[in-house]
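J.: After the sequence you'll find the predicted model.
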Amino acid sequence: MRNPLFFAMLLPMFLLSTSKTPPIVVPLETVKSLPSLYFSDCSSIGEWGANYKESILEILKDDIDASFHLDLTMGKIDIEPLVSGPMKNPSKELAAFSSDFVLLPKFEGKNLTVKLYEPRFHQTHLVGKVDLGGNLVEDRQKIHQVFDLVHKKIFQQEGIASTKILFCKKTEDIDGDWISDIYEVQQDGHNLKKITSSQNYLITPIMIPNSKKGEGYDYVFVSYEKGQPKIFKGNSLSHISTPLLSLRGNQLLPALSLRGDKIAFICDASGKTDLFFQQLHPEKGVLGKPIQLFSQNQSIQASPAFSPCGSKLAFVSDKEGSPKIYILEIVDAIRSKKIPPVKLLSTNHKECTCPSWSPDGKKIAFSALSEGYRQIWILDLDKKIEVPLTTGPLDKENPSWAPDSIHLVYNTTGKESQIYTIDIVKQKPVKIPTGDGISHFPSWEQR
């Protein structure tokens, strides 16, 4: 098995210098006022019994807690009988009726019905009905989907409970050679699943937005199957993958726009490590030829990341010595016959890599050296401040935002190479169990 030497070595090449100026630390702002949600008790049990009922409701509660969008109160009273008919005065004294919303779960036979009651208007809405199978592994995802519908009913934006995370796991085969395959896991760390069996070296998987069809979805990744690293397209339900681009040279570090209609990547087709751009069609594939967006002599470009609207790219370049994050306008870069104008983004650090643009467009996460270790930092684009998100002795890299722009996933390196999720509210890392091997290059499903 060949070792991935080309762009897999870009990051170490970027980490040769050290930053001497300590950055200014400013705490992240969090939401001060949240809608209140009363989680009504449920007197019904259903066919699967009391213990299974409690397990299902605990999953739903955890989804609410993890969203950080709702002020949750767990009720001890079944409110549904009180809201199913004309309102009575005594019921107004209950805590539930001072909440913005009341969640009404009900078990009937094999089904779970979830309703949402609004005390202000005395209105009840059916959110969803779940056919439970009695298998917690399978039913967990159904409950995640129900919470996402609850979230959408309240905020007009779907939640992230049912989203998945893709990553690669590097292991040794029986001959002692390194291989790497792609895995998926639910955002809460459950239902780990291997989706490739290549016996080759695969890295940087990204789910293509809006490509879900039933249980399957399309994704892009880099494979060393043909010797040089090339960008491929695969499907989660099929072991068949095909090269995405015909461009010669090494292809690495792909990034997709939120609409899935553009891809940016790094390639050395011209003899230099340049930033490229390619239009995509969800069914027809690539449209036209790839375009070289940024190139400069004696410099390395890496790690592109699209803005939410797809008109800008953040990327890493060492054109001024140490790696820093820059932004360019794609249209300007296409029109430019020379080196296009770029805007320096990271100013407090000399070693910035792996930028990731939040879906709300307000923040960029990146990895930078801080007190001897690489940490995940958040750049507030409006306030132009850089805030540390992680601490501790492990190096952290490859941040990727969840669709809610609150949660991120990243991997550690060095003594431990594992996947963690974290949020910008509590800022408490949560380790995703991935088993033996080196887990890295995580990416959060986008919608």
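T.: Received the coordinates, thanks. Residues are numbered from 1 along each chain as shown.
J.: And the next helix or strand past the lowest-mean-pLDDT helix or strand in the chain?
T.: Sorted by mean pLDDT, DSSP states H and E, the helices and strands of the chain end with helix 10-14, the least confident at a mean of 44. Read in the C-terminal direction, the helix or strand following helix 10-14 is strand 36-39, with elements assigned using DSSP states H and E.
J.: hmm, who's touching the longest helix anywhere in the chain?
T.: With secondary structure taken from DSSP state H, the chain has its longest helix at helix 136-155. Taking contacts as Cβ atoms under 8 Å, 6 or more residues apart in numbering, the residues outside helix 136-155 that touch it are 35, 37, 52, 55-56, 59-60, 63-64, 67, 69-70, 101, 103, 112, 114, 116, 125, 127-128, 130-133, 157-162, 186, 188, 190-191. Placement of C-beta: from N, CA and C, glycine included.
J.: buried subset of those residues?
T.: When burial is judged by neighbour count using 16 or more other Cβ atoms under 10 Å, the buried members of those are 37, 52, 56, 59-60, 63-64, 67, 69-70, 101, 103, 112, 114, 116, 127-128, 130, 132, 158-162, 186, 188.
J.: now the helices: where do they sit in the stretch 301-447 of the chain?
T.: According to DSSP state H, counting those that start in this stretch, the stretch 301-447 of the chain carries its helices in the segments 330-335.
J.: Show me the shaky parts of it.
T.: In the prediction, the stretch 301-447 of the chain carries residues with pLDDT under 70 at positions 350.
J.: go with 90
T.: Low-confidence regions of the stretch 301-447 of the chain, defined by pLDDT under 90, span residues 320-322, 335-339, 345-351, 370-372, 383-386, 414-415, 425-426, 436, 447.
J.: And the pLDDT for residue 200?
T.: According to the per-residue confidence, residue 200 scores 90 in pLDDT.
J.: coming back round to it: the buried ones among the contacts of helix 136-155 in helices, which ones?
T.: In helices, defined here by DSSP H, the members of the buried ones among the contacts of helix 136-155 are 52, 56, 59-60, 63-64, 67.
J.: Quick check: the nearest residue to residue 310 once chain neighbours are set aside vs residue 121, distance?
T.: Excluding the flanking residues, the one nearest residue 310 by Cβ to Cβ, 6 or more residues apart in numbering is residue 257, at 3.9 Å. Counting by Cβ to Cβ, to the nearest Å, the gap from residue 257 to residue 121 is 39 Å.
J.: Same check on residue 34?
T.: Using Cβ to Cβ, residue 34 is found at 20 Å from residue 121.
J.: Counting neighbours, go ahead and name the busier of the two.
T.: Neighbours were counted for residue 34 and for residue 121 using other Cβ atoms under 10 Å; residue 34 has more, 14 against 7.
J.: Now do the same contact list for residue 242.
T.: By Cβ under 8 Å, 6+ apart, the residues touching residue 242 are 232-234.
J.: will you turn these into TSV that also has pLDDT and secondary structure?
T.: Below are the contacts of residue 242 laid out as TSV (pLDDT from 0 to 100; DSSP: H, G, I helix; E, B strand; the rest coil):
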residue	pLDDT	secondary structure
232	96	strand
233	95	strand
234	95	strand
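J.: Residue 420 versus residue 407, what's the distance?
T.: When distance is defined by Cβ to Cβ, residue 407 is 11 Å away from residue 420.
J.: Also residue 127?
T.: Residue 127 sits 31 Å away from residue 420 when distances are taken as Cβ to Cβ.
J.: How about residue 104?
T.: Residue 104 sits 35 Å away from residue 420, going by Cβ to Cβ.
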